[in-house]
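*Asks:* sequence and predicted structure, then a few things I'm wondering about:
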Amino acid sequence: MASVTKKIKFVRDTLRIRPKGWQSLLWNSSMAQLGKVGPLMSPVHVSIEPTNACNARCPVCETGKGDMRRSSGFIDHKLFSDFLDQIHKSTSVLFFYFMGEPFMHPEIYRMIKIARSKNIYVETCTNGDFVDPEGVIYSDINKISFQIGGLDQETHSRYRIRSNLNKVLTNLEQLIRKRNQTPGSSVEIDVGFIVMRHNEHQVEEFLSWAKGAGVDTANIIDPCARNMLEARAYLTENEKYWFYDREAFENGVLRPKIVPKNNCVWVWNSTQINWDGSVVPCCRDPNGKYIFGNVFEEPLTKIFNGEKSRAFRKQIISNQQNIDICQLCSGYGLPNLNPIRENDFHIRHHSINTGSISVKNV
Ligand SMILES: C[S@@+](CC[C@H](N)C(=O)[O-])C[C@H]1O[C@@H](n2cnc3c(N)ncnc32)[C@H](O)[C@@H]1O
Ligand code: SF4
Ligand code: SF4
């Protein structure tokens, strides 16, 4: 009985949160549950990388640490717009960021506006250095998340190397003011705090500052690392912010508390597109190791149902332990969307500690 109630709730929430593309979400999720790799409908969530260039040098990011093996570039806004013409009927959500700083793209506001005019929910996250508040309001984006690394310049730039905290906070404050002064603007403004060893003592202060600053949500982001060296340097003392297995870590192995076992609903419902149109499974493939095709050369549905995508899904359900990128996955599951801005201030914790990665109220 409980499971029927759960299923009804899932369908009801799906219809509410993804008014477009829900057929695809239900079909593709059912295919995932049945262990079938296709045929699939066009993905309901699409992540697109505006650029993989960045001003900052965050040391656990392939772009920031100079370990990006794809060429650096900016998505062509005309190709982007044509691509949206192709997918907008089934795309409910566009995550408009990946391995670079979205607001370095000179056409970013125009591209967001185009997606919004096609009734796609758009969200992004940013280091905040280049955000133009007027551009954001003009773009009509649904959600923007500024992500900082500390409450003072010294702490902030231990991770957000080359980022100017004063500039970031000025842009954030101006955006809040502008949004509040603009009738009809409903952009949700979030501020995230990437918790690390050198800033974990500032978490409480961050939360009370965020509440006073007038953002809609404050988000505590558990830190990721790519290897033991980075883990030793950046993971917190407090285990509350760990999604890695502490015991394995003590034995010299970096492994999430929950390693997906022949299971990933994400690759049945979502896709990740790089600035040059190449398609990869998800955000755990920053360097384009598993390229399924190119959306500037062939239709997304063809790529999504193509041989390479199917083979990848097949390996997910049969032999995921041999897919290297899945072994450090911090975010499998479907995104937790909240398309309507809430009235009150909320604190969230982006954590795997609830079972799978989720953003829960704390
Ligand atoms: C690669 S960044 C691209 C967007 C933008 N440049 C930014 O940093 O916000 C994508 C996301 O990764 C987050 N991030 C970067 N390094 C992280 C780390 N070591 N642990 C957890 N999240 C991290 C960023 O805060 C952002 O939410
Ligand atoms: S700001 Fe974002 S893209 Fe730039 S180096 Fe940091 S995490 Fe990477
Ligand atoms: S890395 Fe994570 S999201 Fe990507 S395919 Fe593997 S389990 Fe899925």
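*Replies:* Cool, got the structure. Ligands and ions are numbered 1, 2, ... in the order given.
*Asks:* ok, Phe206 to ligand 3 distance?
*Replies:* Look at Phe206 and ligand 3: by Cβ to the nearest ligand atom, to the nearest Å, they are 28 Å apart. C-beta: built from backbone N, CA, C; applies to glycine.
*Asks:* pretty sure that residue contacts Ile221?
*Replies:* No: with contact defined as Cβ atoms under 8 Å, Phe206 does not reach Ile221; the gap is 11.0 Å.
*Asks:* what's the overlap in contacts for these two?
*Replies:* Phe193 (Cβ atoms under 8 Å, 6 or more residues apart in numbering).
*Asks:* quick one, helices of the stretch 51-200 of the chain?
*Replies:* Remark: helices assigned in the stretch 51-200 of the chain by DSSP state H, counting those that start in this stretch are 77-87, 108-117, 133-139, 153-159, 165-181.
*Asks:* just the element for the residue of the stretch 201-350 of the chain at minimum distance from ligand 1, please.
*Replies:* For the stretch 201-350 of the chain and ligand 1, the shortest gap (Cβ to the nearest ligand atom) falls at Cys224, measuring 3.9 Å. Under DSSP states H and E, no helix or strand contains Cys224.
*Asks:* what sits against it?
*Replies:* By Cβ under 8 Å, 6+ apart, the contact list for Cys224 reads Val60, Leu328, Ser330.
*Asks:* and for the last one, the neighbour number?
*Replies:* Think Ser330. 18 (other Cβ atoms under 10 Å).
*Asks:* cool, and the first one?
*Replies:* Around Val60 sit 18 other residues, with neighbours defined as other Cβ under 10 Å.
*Asks:* got it, and the second one?
*Replies:* Other residues near Leu328 come to 16 when the count uses other Cβ under 10 Å.
*Asks:* roughly how far apart are it and Pro256?
*Replies:* Distance of Leu328 to Pro256, computed by Cβ to Cβ, to the nearest Å: 7 Å.
*Asks:* next: Gly38.
*Replies:* Going from Gly38 to Pro256 by Cβ to Cβ gives 28 Å.
*Asks:* neighbour count: these two, which is higher?
*Replies:* Pro256 (21 against 15).
*Asks:* contact partners for that one?
*Replies:* Phe243, Tyr244, Asp245, Leu328, Cys329, Ser330, Ile352.
*Asks:* any low-confidence regions in the protein?
*Replies:* 1-2, 14-19, 331-343, 351-362 (pLDDT under 70).
*Asks:* for it, what spans make up the strands?
*Replies:* With DSSP state E as the criterion, the chain has strands at 45-48, 93-95, 121-126, 143-148, 188-194, 217-221, 270-273, 278-280, 293-294, 346-351, 358-361.
*Asks:* what bridges to the most centrally placed residue in the chain?
*Replies:* Centroid check for the chain by Cα atoms, centre = their mean gives Phe95 as the closest residue, at 6.4 Å. Beta-bridge partners for Phe95, by DSSP bridges, are Ser47, Glu123.
*Asks:* ok, it - contacts?
*Replies:* Contacts of Phe95 by Cβ under 8 Å, 6+ apart are His45, Val46, Ser47, Ile48, Glu123, Thr124, Pro335.
*Asks:* same thing but at 10 Å, please
*Replies:* By Cβ atoms under 10 Å, 6 or more residues apart in numbering, the residues touching Phe95 are 45-49, 121-125, 143, 270, 272, 283, 335.
*Asks:* Gln327 reaches Arg284, doesn't it?
*Replies:* Yes: the criterion here is Cβ atoms under 10 Å, and Gln327 meets it with Arg284 at 9.4 Å.
*Asks:* who's more crowded, the two?
*Replies:* Shown here are Gln327 and Arg284; by other Cβ under 10 Å, Arg284 has more neighbours (21 against 15).
*Asks:* that one contacts Met99, correct?
*Replies:* No: judged on Cβ under 10 Å, Arg284 makes no contact with Met99 at a distance of 11.2 Å.
*Asks:* any residues in contact with both of those two?
*Replies:* Common contacts of Arg284 and Met99 (Cβ under 10 Å, 6+ apart): Gln272.
*Asks:* can you list the residues of this protein near ligand 3?
*Replies:* Residues of the chain lying close to ligand 3 by Cβ under 6 Å from any ligand atom are Pro260, Cys264, Trp266, Val267, Pro281, Cys282, Arg284, Ile323, Ile325, Cys326, Cys329, Tyr332.
*Asks:* out of these, list just those in helices.
*Replies:* Trp266, Val267 (DSSP state H).
*Asks:* tell me the one among the residues of the chain next to ligand 3 nearest to ligand 2.
*Replies:* Distances from ligand 2 to these, taken by Cβ to the nearest ligand atom, are shortest for Arg284, at 14.3 Å.
*Asks:* quick one, what contacts that closest one?
*Replies:* The contact partners of Arg284, taken as Cβ under 10 Å, 6+ apart, are 224, 266, 272, 290, 323-332.
*Asks:* drop anything exposed from the residues you listed.
*Replies:* Cys224, Trp266, Gln272, Tyr290, Ile323, Ile325, Cys326, Leu328, Cys329, Ser330, Gly331, Tyr332 (16 or more other Cβ atoms under 10 Å).
*Asks:* what's the farthest-apart pair in those residues?
*Replies:* Farthest apart among these by Cβ to Cβ are Cys224 and Tyr290. That separation is 19.1 Å.
*Asks:* so Asp324 sits right up against Lys289, yeah?
*Replies:* Yes: between Asp324 and Lys289 there is a contact at 8.0 Å, judged by Cβ under 10 Å.
*Asks:* what sits closest to Asn119 if chain neighbours are left out?
*Replies:* What sits nearest to Asn119 in space, not counting adjacent residues and going by Cβ to Cβ, 6 or more residues apart in numbering, is Lys20, at 6.7 Å.
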